[in-house]
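Colleague: I would like the atomic coordinates for the input below:
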Amino acid sequence: EVEVVESGGGLVQAGGSLRLSCEASGLIFDDYAIGWFRQAPGKEREQVSCINSRDGSSHYADSVKGRFTVSSDNAKNTVYLQMNSLKPEDTAVYSCATKPYPYYHCSTYLSSDYDYWGQGTQVTVSA
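Modeller: Numbers count the residues shown, from 1 in each chain. Sure thing, here's the model as predicted:
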């Protein structure tokens with residue numbers, strides 16, 4: 001059984017940093033796509049970043065480009081989202097999801113294409 005668990009959320013002041021972790025267990029971790037999504041109250045879910053394990057290629061939404069960095073540690077079955085220069089508009093529930101054996105680059109997938117989701121972790125950025 002595949003299980004996805006996020007951690008690392010919290011409260012931070014604007015300009016600060018947080019690192020989110022996404023641990024996926026129960027799957028072969030060397031061929032997957034991981035997507036990071038966020039949803040703020042009253043807004044639609046937005047994909048902020050993703051990574052393909054096969055070649056380590058990644059993608060970022062324009063809103064976070066240059067501030068967020070996604071990386072993976074296959075030995076720990078974990079993907080990280082390093083978030084720097086945080087802004088109040090980054091406040092949201094952040095979730096990660098995995099798609100085993102992706103055929104395409106993760107940037108082509110919609111949230112509905114991902115197979116397994118974590119429960120989400122709250123990130124709050126104060127002004």
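Colleague: Can you tell me the element S72 falls in?
Modeller: In this structure, S72 sits in strand 68-73 according to DSSP states H and E.
Colleague: That strand pairs with which strands, and in what direction?
Modeller: Neighbouring strands of strand 68-73 in its sheet, by DSSP bridges, are strand 78-83 (antiparallel).
Colleague: Quick one: distance of the very next helix or strand once past the partner strand to the chain centre.
Modeller: Downstream of strand 78-83, the first helix or strand assigned by DSSP H and E is strand 92-100. Remark: strand 92-100 is offset 5 Å from the chain centroid, using C-alpha atoms, centre = their mean, to the nearest Å.
Colleague: can you pull up the bridge partners for the residue sitting nearest the centre point of the chain?
Modeller: Central residue of the chain (C-alpha atoms, centre = their mean): W36, 2.3 Å from the mean position. Beta bridges link W36 to S49, C96 when assigned by DSSP bridges.
Colleague: Isn't it up against E46?
Modeller: No - counting by C-beta atoms under 8 Å, W36 does not reach E46; the two are 9.8 Å apart. For every residue, glycine as well, the C-beta is placed using N, CA and C.
Colleague: Spit out the contact partners of the residue nearest to the centre of the chain.
Modeller: 20, 22, 47-50, 70, 79, 81, 94-96 (C-beta atoms under 8 Å, 6 or more residues apart in numbering).
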